[in-house]
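1. Sharing a model that was predicted from the sequence below.
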Amino acid sequence: MIDNRVPVERAILFGAPDPSISDELVHEHMEELRRLTDTAGGEVVSVVQQRVRSPTPSLYIGKGKAEELASAVELLKADLVIFDEELSPVQGANLEKVLGVRVMDRAELILDIFATRARSKEAKLQVELAQLEYLLPRLRRMWTHLSRIRGGIGLRGPGETQLETDRRLIRRRIADLRDKLRGVAAARATQRKSREGRFRAALVGYTNAGKSSLLAALSGADLFVEDRLFATLDSATRAVDLGGGQEALVTDTVGFIRKLPHHLVASFRSTLEEARESDVLLVVMDAAHPDREEHLAVVREVLRDLDLLDRPQALVFNQVDRLTPEELSALRTRVRAFEPYPSIFVSAVSPGGVDPLVSFLLAGALSRFERVEVEVPAADGRTMAAVYRDGEVLNQISRDGHVLLEARLPRALLGRLEKTEGVTVRPAVVSLAGVADEEAGAGG
C-alpha cells in the first residue's frame, strides 16, 4: 500500500535575540516558535540560540556560527532551519547555500500556518495575497525549493504551479486577488450596514488567548475551539442575549502574535473592519499567562497599525479560573493602577464565569438608548411598530387621535423619528404613568 502522507519535517529552530532582551523573554519567544512549528506540522529536533547585536548583511549570523549550524543539520538529519528573526531574501539564499537545507523565517512560518488554517473563500484569498507578496522577492530561491521538494512547510497555500510562474504572472495574480478582496470588502460593508442600530463588540487579542471559547460561552454557539496557535482564522459573529430584552452582536477576529508579517496584516484589513465598526473592542488576554503584559503590548501595536487604537476598549482577562485568589487580587490591583480602560475578569469554563462580561455589554447596550416621549398619530402603525421593535416602551396612553409613548430608544431610531412627518419627539421629563393616573382620576 502506498503511503501518500507528507513526511513530517525535522526542524532546527534558531533564535538570534538582541542582547538587551531578558533570558526569560528569549525562552518564551523560542517556546512560541516551537508551538508555531508544531502547528505547521513540523518536528523540532533542536533549538539553537546566539545573541546578535548587529546582524550581518549576508547571513544574519556570523560565518562561524553558520558552519556550526550546518554541522548540526547534518548530525540531526534536519530538513529545514527556522529563524525567529525576519531574514532578507539575500540572507535566506546565502544561508541555504551554507546549510544545504531549506531556511525559513518566522514570518514565512506564520504565513504557512495561515495557509493550512484558512477555510472560507475570503480567508484563502487573504492568505494567498500575503504569501505571494512575501514570496515575490524570494522567487528564485523558491524555484530551487520546488525542484527538489513537494509540499513541505512553507510551500502550501497558493500551490506549486503558481510559484512556478514568472514574476509578471505573479504580479498579475496579486492584482487579481486585490480586486477580489475589494469586492469582498464591499459585501462586508453592506452586511455591516444591515446591522446598524445594534450594539456590536469585537473580540481582539493575542492568539490562543481564548477568544473563540469566550464567544462560545457567551452565545451558546457551537464554535471550533482548539488549544493551538491560530486555531481559527475566519471571523465569526454571534448574537448574545444580554437579558432585559437586549442583545449584542459579538465578533471573534483573527488572533495577533509578535512579529506578525505586515503583508498578513494588510491582507486581513477587510476582516478586521468588523472591529472598526464595533461599539467597543474587547481586548482578550490569558490572565494566567506569564507574558500577558507583553502580549497586550503586541496587540496594541497591531491595533495602532490598523488605526484602531482610538476605539473604545475594555480589557477582558480570561481564564481567571487558573489563578489563585491571591494572584487574582494582585492582578486586579495592578490593572487598576496602570490601565485607563475598564477591566473585566472572566472564565469561559466556570459556571457563571462570563456574567461580568454580559453585565458590561448590557450596560453598553443600554447606554445607547435615550429615554424620550414620542407622540405618534394613532393611524401610523409603521412608526408604532418600529418603536416597539427597536426600543423599550415603558408606558403608553392614547389622547386626541394620537398615541403618547414613553420609551428608551436607540439614537439611530431617534434620528429617523425626528424626520418623520406627524411624529413629535421630546425628552421624557415626567413619567406617562403619572399622567395616565391623573387623567384616570380626573375622569372619575
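-> Arrived safely. Numbers count the residues shown, from 1 in each chain.
2. What does the pLDDT read for the residue lying closest to residue 122 once chain neighbours are set aside?
-> Spatially, and ignoring its direct neighbours in sequence, residue 122 is nearest to residue 184 (5.1 Å; CB to CB, 6 or more residues apart in numbering). C-betas here are computed from N, CA, C, even on glycine. Looking at residue 184, its pLDDT stands at 79.
3. Residue 184: how many residues sit nearby?
-> Other residues within reach of residue 184 by the criterion other CB atoms under 10 Å amount to 16.
4. May I see the buried residues of the host helix or strand of it?
-> Using DSSP states H and E, residue 184 maps to helix 167-193. Buried residues in helix 167-193, counting neighbours by 16 or more other CB atoms under 10 Å, are found at 170, 173, 177, 180-181, 184, 188, 192.
5. correct me, but the residue nearest to residue 122 touches residue 123?
-> No. Look at residue 184 against residue 123 with CB atoms under 8 Å: they stay out of range, at 10.1 Å.
6. Where does the record place the domain boundaries for the chain?
-> Domain assignment of the chain by automatic domain parsing yields the ranges 10-109, 120-181, 196-365, 369-443.
7. Tabulate the ones you listed (TSV), appending mean pLDDT.
-> Converted to TSV, the domains of the chain look like this (pLDDT from 0 to 100):
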stretch	mean pLDDT
domain 10-109	93
domain 120-181	68
domain 196-365	85
domain 369-443	81
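8. Can you tell me the closest non-neighbouring residue to residue 218?
-> Distance criterion CB to CB, 6+ apart; nearest residue to residue 218, sequence neighbours excluded, is residue 240 at 4.7 Å.
9. what bridges to residue 199?
-> Beta-bridge partners for residue 199, by DSSP bridges, are residue 248.
10. How many residues are close by the residue nearest to residue 218?
-> 23.
11. Quick one: residues contacting it.
-> Neighbouring residues of residue 240 by CB atoms under 8 Å, 6 or more residues apart in numbering: 218-219, 247-250, 358, 361.
12. quick one: which of these is nearest residue 18?
-> Set against residue 18, the nearest of the contacts of residue 240 by CB to CB is residue 250 (38.5 Å).
13. The closest one contacts residue 219, doesn't it?
-> Yes. Between residue 250 and residue 219 there is a contact at 6.9 Å, judged by CB under 8 Å.
14. Need the residues touching each of those two.
-> Common neighbours of residue 250 and residue 219 (CB under 8 Å, 6+ apart) are 238, 240.
15. higher neighbour count, these two?
-> Just comparing residue 250 and residue 219: by other CB under 10 Å the higher neighbour count belongs to residue 250, 26 against 20.
16. Would you list the phi and psi of the more buried one?
-> With angles defined as degrees, to the nearest 10, residue 250 sits at phi -110, psi 130.
17. who's in contact with it?
-> Shown in contact with residue 250 (CB under 8 Å, 6+ apart): 200-203, 215, 218-219, 237-238, 240, 282, 361.
18. need the helices for the stretch 251-400 of the chain, in chain order.
-> 262-267, 269-276, 292-305, 325-338, 355-367, 381-390 (DSSP state H, counting those that start in this stretch).
19. buried ones in the third one?
-> This points to helix 292-305. Buried residues in helix 292-305, counted by 16+ other CB under 10 Å: 292, 295-296, 298-300, 302-303.
20. Format these as JSON lines; extra columns: distance to residue 97.
-> JSON lines is the format used below for the buried residues of helix 292-305 (distance: CB to CB, whole Å):
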{"residue": "292", "distance to residue 97": "41"}
{"residue": "295", "distance to residue 97": "37"}
{"residue": "296", "distance to residue 97": "41"}
{"residue": "298", "distance to residue 97": "34"}
{"residue": "299", "distance to residue 97": "38"}
{"residue": "300", "distance to residue 97": "40"}
{"residue": "302", "distance to residue 97": "35"}
{"residue": "303", "distance to residue 97": "40"}
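21. quick one: contacts of stretch 101-108?
-> Here stretch 101-108 makes contact (CB under 8 Å, 6+ apart) with 33, 36, 73, 78-87, 92, 95-96, 112, 134, 145, 149, 152-154, 259, 261, 263.
22. Can you give me the neighbour number for residue 262?
-> Here the number of neighbours of residue 262 (other CB under 10 Å) works out to 14.
23. which residue packs closest to it, ignoring adjacent ones?
-> Residue 262 sits nearest to residue 305 (CB to CB, 6+ apart), 7.7 Å away.
24. What separation do you get for the one you found and residue 260?
-> Per CB to CB, to the nearest Å, residue 305 is found 9 Å from residue 260.
25. State the number of residues packed around residue 359.
-> Residue 359 sits with 13 neighbouring residues when counted by other CB under 10 Å.
26. where exactly do the strands run in the stretch 51-200 of the chain?
-> Remark: strands assigned in the stretch 51-200 of the chain by DSSP state E, counting those that start in this stretch are 80-83, 102-105, 199-205.
27. Nearest approach to residue 375 belongs to which of those?
-> Closest among these, once you apply CB to CB, is strand 199-205, at 26.8 Å.
28. just how off-centre is that closest one within its chain?
-> Its chain's C-alpha centre and that of strand 199-205 lie 9 Å apart, by CA atoms, centre = their mean, to the nearest Å.
29. Mind exporting the C-alpha coordinates of that strand to PDB?
-> Provided in PDB are the C-alpha atoms of strand 199-205 (Å, rounded to 0.1, in the frame of the first residue of the first chain):
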ATOM      1  CA  PHE A 199     -24.900  47.000  19.800                       C
ATOM      2  CA  ARG A 200     -21.700  45.400  18.500                       C
ATOM      3  CA  ALA A 201     -18.500  44.300  20.200                       C
ATOM      4  CA  ALA A 202     -15.300  42.700  18.700                       C
ATOM      5  CA  LEU A 203     -13.000  40.300  20.400                       C
ATOM      6  CA  VAL A 204      -9.400  41.000  19.600                       C
ATOM      7  CA  GLY A 205      -6.300  39.700  21.300                       C
END
